[in-house]
Structures are given as C-alpha cells and as structure tokens.
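Q: for reference, the sequence and a predicted model appear below.
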Amino acid sequence: MNITKLLPVIMMTIFLVAGVLLIQPVLADSNLIDDQVGFDDNSIGKAFDQNGDPLDPREIVVNILKLFLTFLGVISVTLIIYAGYMWMTAMGNDEKVGTAKKIITRTIFGLVIILFSYALVSYISTCVMDVATDSQAVWLCN
C-alpha cells in the first residue's frame, strides 16, 4: 500500500490521540453532597455559573452559540491544513492542486463568515445584556 494514501489517516489519528491525551480529568469534591445549600424559589430551573449564581437564559444561548462558532473555526483551520497538505503532496498533479485551491478558498470564505458571525453574536449579546440590565450601555449600542 502506498504511504501517501495512509498519511492523512495517520495524521488524523495522531491529532485525535493528542487531543484525547490533553483532556484533563475533572477533580470532583468528595464532600459535594454535604456542602450543598438549598435552592430558593428564584433559582429553580436556572443554570448556575462557577460561583453558584443563577445564569440568565440569554447568557446560556450566547455561550452555546460562541462554542458552536468556535468549533466551526477549528474545523475550518483543520480543512485549511488538510488542503495545504494535499497541495504539497500533489507532485505536480494539476487536478489535486486545483482541488486543494478550491478547498482553501471556500474554507477561507467560510472562516470569514464564521468570524463575522462570532463578532455579531458578541456585539448583540453585549447590547442586549446592557439594555436588559439597565446598566450603562456601550456607546455602539445606543
């Protein structure tokens, strides 16, 4: 079997194994049940942040959108790396070079859309949170 056909599989396996090895275990408190405090009526059905304060549902939606857009950005960078590898290993084959160029241009176009979407979500969430909490709004939101 040709090594150039196995190389993308080997590289993806290395990236996946490295990703799994870099994940840190969660160190939970063994006395968690004893330390819990009862919920008051205002906090039932709400998610909580790291300090135990209830989160606004709008913040939860914004965090999910940002996480999703970040994941799409990682996929885009991976596609650009893959297309660059394809271009470098094309060995003068115009068809493979053309395919790699198409992947790179389409991925960069998608990455620009993802970046603008992330900026729009951040901007709108800041403005909506400022208006909803009656705090001093950012000058761009007025």
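A: Looks like it arrived, so ask away.
Q: going forward, measure contacts between C-alpha atoms and count neighbours the same way
A: Noted.
Q: which SS class is Met91?
A: Under DSSP: H, G, I helix; E, B strand; the rest coil, Met91 falls in the coil class.
Q: could you point out which element follows the lowest-mean-pLDDT helix or strand in the chain?
A: Ranking every helix and strand in the chain by mean pLDDT, DSSP states H and E puts helix 32-35 at the bottom, with a mean of 52. Remark: after helix 32-35, the chain's next helix or strand is helix 57-88, criterion DSSP states H and E.
Q: that following helix packs against which elements?
A: helix 94-132 (3 or more CA pairs under 8 Å, 6 or more residues apart in numbering; DSSP states H and E).
Q: quick check: buried residues in the helix it packs on?
A: For helix 94-132, a neighbour-count test (16 or more other CA atoms under 10 Å) marks 96-97, 100-101, 103-104, 107-108, 111, 114, 118, 121-122, 125-127, 129 as buried.
Q: can you check stretch 68-87 too?
A: 69, 72-73, 76, 79-80, 82-84, 86-87.
Q: what residues does that stretch touch?
A: Here stretch 68-87 makes contact (CA atoms under 8 Å, 6 or more residues apart in numbering) with 96-97, 100-101, 103-104, 107-108, 110-111, 114-115, 117-118.
Q: tell me the average confidence for that stretch?
A: What stretch 68-87 shows for mean pLDDT is 93.
Q: using CSV, write out the CA atom coordinates for it.
A: Only the C-alpha atoms of stretch 68-87 are listed here, as CSV (Å, rounded to 0.1, in the frame of the first residue of the first chain):
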residue,chain,number,x,y,z
PHE,A,68,-20.6,26.3,18.2
LEU,A,69,-18.9,29.0,16.2
THR,A,70,-15.5,28.2,17.9
PHE,A,71,-16.0,24.6,16.9
LEU,A,72,-16.7,25.6,13.3
GLY,A,73,-13.5,27.7,13.3
VAL,A,74,-11.4,24.7,14.5
ILE,A,75,-12.9,22.7,11.6
SER,A,76,-12.1,25.4,9.2
VAL,A,77,-8.4,25.6,10.3
THR,A,78,-8.2,21.8,10.0
LEU,A,79,-9.6,22.0,6.5
ILE,A,80,-7.0,24.6,5.5
ILE,A,81,-4.2,22.4,6.9
TYR,A,82,-5.6,19.4,5.1
ALA,A,83,-5.8,21.3,1.8
GLY,A,84,-2.3,22.6,2.3
TYR,A,85,-1.1,19.1,2.8
MET,A,86,-3.0,18.0,-0.3
TRP,A,87,-1.4,20.8,-2.3
